[in-house]
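**Student:** sequence unavailable; structure follows:
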């Protein structure tokens, strides 16, 4: 029988081993990850797309089903956080850093190199916005939501530890307390550590690029490592202050800065076109969601490669974040009904993402396509990390907005890191929802070291490839999460109906 603290010991050891291998054998790691990526995209792209679609279907079913009124906790429990703070915290943890990084880069990239047809046309502009909405809409939040819902239900409703293995109780019974359950917990912790580190790496690359564009600071590895060091120090301080102060205050601050940037760009940019893009692309997205969800090109290798480099990468990337975001969202969702939970986790953050991409990405595409600013397209495609700052330099109040953007990236960086160390401490401490500070700090240093690995192994390309490698096992596990959750909810509803009937008698 594995010891009680084996999850912490083994997951820490695996994460440290990953850091050591990444630093000492970074070329080997990059090569092996690339080979696996090619294999996964060639042979299993259908699997990633099918699983992603299943998550969306299950979430929508739960929201409209007879299980929607089941509360995540006792029937008398009320939410611990206001709806606004709840949304800002889950959004900051789940999307913040990635939205800022890809806000301009992805729409412009799809515009010049679309998923089908010729680039730099009106058709590719529409496709660019639609596929960006697709990648940042319901699918990632459905994956987060399934994991979060399972954790919240079994912890707050059934009294099981807030550990990934608890979700599997309907399938494994008391074996969740043995080697099988501990293996699931160890895998979830390791995937979380690597997934969060990948986003730290993205944040570091973007901050360094922004500082170079704004103040001429050299974008070197030394500068990037200093950014990681400063960010690590700040999020450890925030982590020490606890969930109800550090993370909540930072999340509300993040949302304020996001709104300011949106309003500035909306006022200075093509306001009419932004609203048109938002409305038309939202309609196009929901009208085409099923074909996009299952789109494969078995007779077109170039199109299939595009799907692998973008959609499959994103689905794998979201999977590496699922244990982290799911655990964090579960922790802050006690007292909400399943219907309220799915509405808040699936639909509201998706719409916020649509607004962000319409304002930032849509404005950039407008500058290139309608106003003929080809230099912006070249700058974005040549330097993805600096895409946001290249765009801001072409609009009024660009220098001020660039500073705000840097503050936002750094704040999201700290918030995500703070949330991640909290979750890593919780998952590696037998589901303790108030992990010790020393455990959280240990994970803070591990994730900072892992982020360094991504920079050494090749930056953005390393993030893409290694994320898919690490996420693959959890993609399979997540299917069983859906099964276990549906089985438990069916039993809960049946028992609740029986108890209700007896009380009427």
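**Tutor:** Nice, I can see it. All values derive from a computational prediction rather than experimental measurement.

**Student:** tell me the phi and psi of residue 337?
**Tutor:** Summarising the backbone geometry of residue 337 under the convention degrees, to the nearest 10, its torsions are phi -80, psi 160.

**Student:** what's the average pLDDT for the helix or strand residue 416 falls within?
**Tutor:** With the criterion set as DSSP states H and E, the secondary-structure element containing residue 416 is helix 398-427. For helix 398-427, the mean per-residue pLDDT is 84.

**Student:** which residues of the stretch 151-300 of the chain fall in helices?
**Tutor:** 169-172, 179-215, 221-241, 248-268, 271-293 (DSSP state H, counting those that start in this stretch).

**Student:** how about residue 93, what does it touch?
**Tutor:** 247, 251, 324-325, 328-329, 415-416, 419-420 (Cβ atoms under 8 Å, 6 or more residues apart in numbering). No exception for glycine: its C-beta is placed from N, CA and C like everyone else's.

**Student:** one more time with 10 Å
**Tutor:** Under the criterion of Cβ atoms under 10 Å, 6 or more residues apart in numbering, the neighbours of residue 93 are 144, 196, 247, 251, 321, 324-329, 332, 412, 415-416, 418-420, 422-423.

**Student:** same deal with residue 97?
**Tutor:** Residues near residue 97 by Cβ under 10 Å, 6+ apart: 196, 198-200, 202-203, 206, 254, 408-413, 415-417.

**Student:** again, but for residue 425
**Tutor:** With Cβ under 10 Å, 6+ apart, residue 425 has these contacts: 8, 189, 239, 432-444.

**Student:** without its sequence neighbours, what residue ends up closest to it?
**Tutor:** Leaving aside its chain neighbours, residue 425 sits nearest to residue 435 (3.0 Å; criterion: Cβ to Cβ, 6 or more residues apart in numbering).

**Student:** the one you found in helix, strand or coil?
**Tutor:** Using DSSP: H, G, I helix; E, B strand; the rest coil, the three-state assignment for residue 435 comes out as coil.

**Student:** that older thread, figure out which of the helices of the stretch 151-300 of the chain is closest to residue 82.
**Tutor:** Within these, the stretch nearest residue 82 is helix 248-268; the backing value is 9.7 Å (Cβ to Cβ).

**Student:** okay, buried residues for that closest one please.
**Tutor:** 248, 250-251, 253-255, 257-258, 261-262, 264-266 (16 or more other Cβ atoms under 10 Å).

**Student:** output the contacting helices and strands for that helix.
**Tutor:** The elements that helix 248-268 packs onto, with contact taken as 3 or more Cβ pairs under 10 Å, 6 or more residues apart in numbering; DSSP states H and E, are helix 83-94, helix 96-112, helix 221-241, helix 271-293, helix 348-369, helix 387-392, helix 398-427.

**Student:** distance to residue 169 for these - can I get that in CSV?
**Tutor:** Conversion of these to CSV gives the following (distance: least, Cβ to Cβ, whole Å):
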stretch, distance to residue 169
helix 83-94, 25
helix 96-112, 32
helix 221-241, 30
helix 271-293, 30
helix 348-369, 28
helix 387-392, 44
helix 398-427, 16
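
**Student:** most tightly surrounded among those helices?
**Tutor:** Scoring the helices and strands packed on helix 248-268 by mean neighbour count under mean count of other Cβ atoms under 10 Å gives helix 387-392 as the most buried, with a mean of 28.

**Student:** now do that one: distance to the chain's middle.
**Tutor:** Computed by Cα atoms, centre = their mean, to the nearest Å, the separation of helix 387-392 from the middle of its chain amounts to 22 Å.

**Student:** equivalent analysis for stretch 261-271, please.
**Tutor:** On the basis of Cα atoms, centre = their mean, the separation between the geometric centre of stretch 261-271 and that of its chain is 26 Å.

**Student:** low-confidence ranges in the stretch 51-200 of the chain?
**Tutor:** Along the stretch 51-200 of the chain, the parts satisfying pLDDT under 70 run over 94-96.

**Student:** need the pLDDT of residue 277.
**Tutor:** According to the per-residue confidence, residue 277 scores 95 in pLDDT.

**Student:** distance check, it against residue 377.
**Tutor:** If you measure residue 277 against residue 377 using Cβ to Cβ, to the nearest Å, the figure is 17 Å.

**Student:** repeat that for residue 401.
**Tutor:** 20 Å.

**Student:** identify the residues contacting the residue nearest to residue 360 when sequence neighbours are not counted.
**Tutor:** Beyond its immediate neighbours in the sequence, the residue positioned closest to residue 360 (Cβ to Cβ, 6+ apart) is residue 103, lying 4.1 Å away. Applying Cβ under 10 Å, 6+ apart to residue 103 gives the contacts 132, 136, 261, 353, 356-357, 359-361, 363-364, 387-388, 391, 405.

**Student:** hmm, try it at 6 Å
**Tutor:** Residues near residue 103 by Cβ atoms under 6 Å, 6 or more residues apart in numbering: 356, 360-361.

**Student:** and of the residues you listed, the nearest to residue 69?
**Tutor:** Checking the contacts of residue 103 one by one against residue 69 (Cβ to Cβ), the nearest turns out to be residue 356, at 32.3 Å.

**Student:** the closest one reaches residue 100, doesn't it?
**Tutor:** No. With contact defined as Cβ atoms under 6 Å, residue 356 does not reach residue 100; the gap is 8.6 Å.

**Student:** between these two, which contacts overlap?
**Tutor:** Where contact means Cβ under 6 Å, 6+ apart, no residue is in contact with each of residue 356 and residue 100.

**Student:** hang on, the earlier thing: compare the helices and strands packed on helix 248-268 and give me the one nearest residue 149.
**Tutor:** For the helices and strands packed on helix 248-268, distance to residue 149 was read as Cβ to Cβ. The smallest value, 12.4 Å, belongs to helix 83-94.

**Student:** my read: residue 369 touches residue 125, true?
**Tutor:** Yes. Using Cβ under 6 Å, residue 369 is in contact with residue 125, at 5.1 Å.

**Student:** the closest residue in space to residue 451 that isn't next to it in sequence: how many residues sit nearby?
**Tutor:** Using Cβ to Cβ, 6+ apart and skipping the chain neighbours, the partner closest in space to residue 451 is residue 200 (3.7 Å). Neighbours of residue 200 under the rule other Cβ atoms under 10 Å: 27.
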